[in-house]
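# Using only what follows, build the 3D model:
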Amino acid sequence: MKIINGLKQLSLLVLLGVMAVSCAQKVAPKTRDNPAVYHFSLTILPGEVQGKPGWPFYTPADFTLPPDSEVVVTITNYDPGTEPVPSGRNVVSGTEGNSELANGKPVSSLEAGLVSHTFSIEKLKLNVPVPPLVKKSGPGVVVFRFHTPAEGTYPWQCWAACGSGKSGWEGAMSTEGFMTGTLKVSRE
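Predicted coordinates:
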């Protein structure tokens with residue numbers, strides 16, 4: 001019973017933290033020498049937060065970014081699991097320098113067995129592997145920078161088999177708003 005209450009308290013704290021981070025989207029002032037840089041945060045939470053064990057999810061799943069802009073994205077992962085990824089999905093692509101900061105260290109790939117999730121947009125050739133939560137040191141955190149294209153709609157997908165079912169590709173992996181979503185690039 002104590003474990004369940006502890007999980008509920010942890011879930012509430014994580015949810016409050018997610019809400020605070022989600023409100024932290026900023027645009028730096030645009031000047032002639034300093035083009036605007038947009039900062040955006042995504043969070044990965046375990047399904048237990050929504051009462052769906054085995055259904056991890058990104059929040060927000062659907063979001064809008066400005067066109068033709070430099071964007072710094074921070075992904076904070078509270079899911080401790082690691083999952084198999086297809087060949088090459090542990091390699092960073094489509095970001096500035098084809099690299100990311102994974103838990104504060106610049107890398108161009110993660111060891112395939114240490115990938116918890118990916119954030120991948122096929123139309124943009126963007127693939128960002130995400131490390132798991134490590135209970136002793138905290139959430140897995142990835143920071144990367146990329147340039148948004150012209151206005152349009154760009155679906156994203158996690159390529160780690162982190163869902164349910166024998167293959168890991170059911171449940172959260174095949175349900176919109178969990179491990180899939182949409183990036184809308186728009187001036188609105």
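# ranges for the strands of this structure?
Counting by DSSP state E, the chain has strands at residues 26-27, 37-45, 57-59, 62-65, 70-77, 100-102, 105-107, 117-121, 126-130, 140-147, 152-157, 180-185.
# got the contact list for residue 121?
The neighbours of residue 121, taking Cβ atoms under 8 Å, 6 or more residues apart in numbering as the test, are 94, 154-157, 183. Any C-beta I mention is one placed from the backbone N, CA and C, and that applies to glycine too.
# ok, back up a step: least reliable of the strands of the chain by average pLDDT, please.
In terms of average pLDDT, strand 26-27 trails the rest of the strands of the chain, at a mean of 45.
# hmm, back to that, so which of the contacts of residue 121 is the closest to residue 56?
Of all these, residue 157 has the smallest distance to residue 56: 13.4 Å, by Cβ to Cβ.
# is it true that the closest one touches residue 180?
Yes: in this structure, residue 157 is within contact of residue 180 by Cβ atoms under 8 Å, at 5.1 Å.
# can the strands of the chain go into CSV with extra columns for distance to residue 165?
Listed next are the strands of the chain as CSV, based on distance: least, Cβ to Cβ, whole Å:
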stretch, distance to residue 165
strand 26-27, 39
strand 37-45, 19
strand 57-59, 16
strand 62-65, 24
strand 70-77, 22
strand 100-102, 28
strand 105-107, 30
strand 117-121, 17
strand 126-130, 21
strand 140-147, 24
strand 152-157, 16
strand 180-185, 16
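# and the residue most central in space within the chain, what are its bridge partners?
The centre of the chain sits closest to residue 75, judged by Cα atoms, centre = their mean, with a distance of 4.4 Å. Beta bridges link residue 75 to residue 42, residue 142 when assigned by DSSP bridges.
# and it, how far is that from residue 130?
Distance check for residue 75 against residue 130: by Cβ to Cβ, to the nearest Å, it reads 6 Å.
# can you check residue 102 too?
Counting by Cβ to Cβ, the gap from residue 102 to residue 130 is 8 Å.
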